[in-house]
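Undergrad: got a sequence here, can you build the structure:
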Amino acid sequence: MNNIQPQFLLMRIIAKCLILWNEVQATPEWLGRQLPTSVRTAIEARFKTGTSVDDALELAYYNIIAGCCFILGLKFAGTANEKAYKLVIRYYDLYTRMTYGNGEHFTTSFI
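TA: Model prediction:
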C-alpha cells in the first residue's frame with residue numbers, strides 16, 4: 001500500500017463499482033467486501049486491540065470507504081432507499097467527527 005497513492009484507490013473503487021454496477025448493494029457486508037484483506041485486517045486489529053496502524057493502510061481505508069459511499073450515493077440517488085441513506089450518512093457522520101474532533105480520530109466500530 002505504500003506504493004499506491006490513496007486517491008488512486010478512491011478512483012479504482014469508483015471505476016470497479018461502475019463496471020460491476022449490478023453488484024453494488026447498500027449493505028455493510030458489500031462495503032466490507034470492497035476492502036483488501038490487508039487493509040481490513042489492519043483496521044479490525046486497530047479497533048480490537050487499539051494498536052497503531054500504518055498510515056498508508058489507514059489512508060487506504062478512508063479512501064476506499066469514501067469511494068464506496070460515492071457509488072452508493074450515485075446508484076441510489078433519488079430512490080429513497082433507506083438502507084443506502086443510513087450507510088452513507090453513518091460514514092459522513094464519522095468523517096465529520098474525525099475532521100472536527102480532538103485527539104483520537106477513529107473511535108467507532110469497524111463496519
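Undergrad: from now on I want contacts and neighbour counts done on CA atoms only, so please keep to that.
TA: OK.
Undergrad: list the contacts for the most centrally placed residue in the chain?
TA: The chain has I65 as the residue nearest its centroid, 1.5 Å off, counting by C-alpha atoms, centre = their mean. Counting by C-alpha atoms under 8 Å, 6 or more residues apart in numbering, I65 touches 31, 91.
Undergrad: try 10 Å
TA: Residues counted as contacts of I65 (C-alpha atoms under 10 Å, 6 or more residues apart in numbering) are 9-10, 13, 31-32, 34-35, 59, 71, 88, 91.
Undergrad: any chance of the residues you listed in a markdown table, plus pLDDT?
TA: Below are these laid out as a markdown table (pLDDT from 0 to 100):
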| residue | pLDDT |
| --- | --- |
| L9 | 93 |
| L10 | 94 |
| I13 | 96 |
| L31 | 94 |
| G32 | 92 |
| Q34 | 95 |
| L35 | 93 |
| L59 | 90 |
| I71 | 96 |
| V88 | 94 |
| Y91 | 92 |
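Undergrad: closest to N81 among those?
TA: Nearest to N81 among the contacts of I65, counting by C-alpha to C-alpha, is V88 at 11.0 Å.
Undergrad: secondary structure element holding that closest one?
TA: Assigned by DSSP states H and E, V88 falls within helix 82-100.
Undergrad: any buried residues in the top helix by length along the chain, and which?
TA: In the chain, taking DSSP state H as the definition, the longest helix is helix 55-76. Within helix 55-76, the residues that count as buried by 16 or more other C-alpha atoms under 10 Å are 57-69, 71-73, 75-76.
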